[in-house]
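**Q** Below: sequence and its predicted model.
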Amino acid sequence: MPVWVWITILGWHALACAVSASLYTIDKRRAVRGGWRIPENRLHLVDLLGGWVGGWIARRKLRHKTSKTRFMVVFWVTASLHAVVLLTGLWLLTFGSL
């Protein structure tokens with residue numbers, strides 16, 4: 001696989017992680033101040049698009065959305081999907097087939 005593909009993938013994930021962390025930070029600030037919150041669907045979507053690591057770091061640092069079981073289940077399903085895709089991709093790059 002060409003180097004530019006790897007750079008694009010890493011760049012996309014870095015951007016998605018930054019956006020996700022920012023959204024969690026904004027949502028936490030709004031929660032504390034009683035303002036209009038960011039919908040959970042939007043947080044999940046950004047995590048699904050590759051920002052789950054940034055979301056995970058922000059949630060741990062801010063202690064935000066850690067007691068909502070339904071939210072956590074969806075979050076970890078998203079993270080697991082990314083792990084499966086990553087491991088499948090690495091397998092295919094290494095061995096050429098499943």
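**A** All right, it came through fine.

**Q** From now on I want contacts and neighbour counts done on CA atoms only, so please keep to that.
**A** OK.

**Q** Can you check what pLDDT the model gives the residue nearest the centre of the chain?
**A** Nearest to the geometric centre of the chain sits residue 52, at 1.3 Å (C-alpha atoms, centre = their mean). pLDDT, residue 52: 94.

**Q** got it, and residue 1?
**A** Residue-level confidence at residue 1 comes out at 68, pLDDT.

**Q** re earlier: list the buried ones in the helix or strand hosting the residue nearest to the centre of the chain?
**A** Using DSSP states H and E, residue 52 sits in helix 52-62. Residues 52-56, 58-59 are the ones in helix 52-62 that count as buried (16 or more other C-alpha atoms under 10 Å).

**Q** Now do the residue nearest to the centre of the chain against residue 72, distance only.
**A** With the distance defined as C-alpha to C-alpha, to the nearest Å, residue 52 ends up 12 Å from residue 72.

**Q** Then residue 33?
**A** Residue 33 is 23 Å from residue 72, by C-alpha to C-alpha.

**Q** likewise residue 62?
**A** 15 Å.

**Q** So for residue 33 and residue 72, which sits in the more crowded spot?
**A** Legend: neighbour count by other C-alpha atoms under 10 Å for residue 33 and residue 72, higher for residue 72 (13 against 9).
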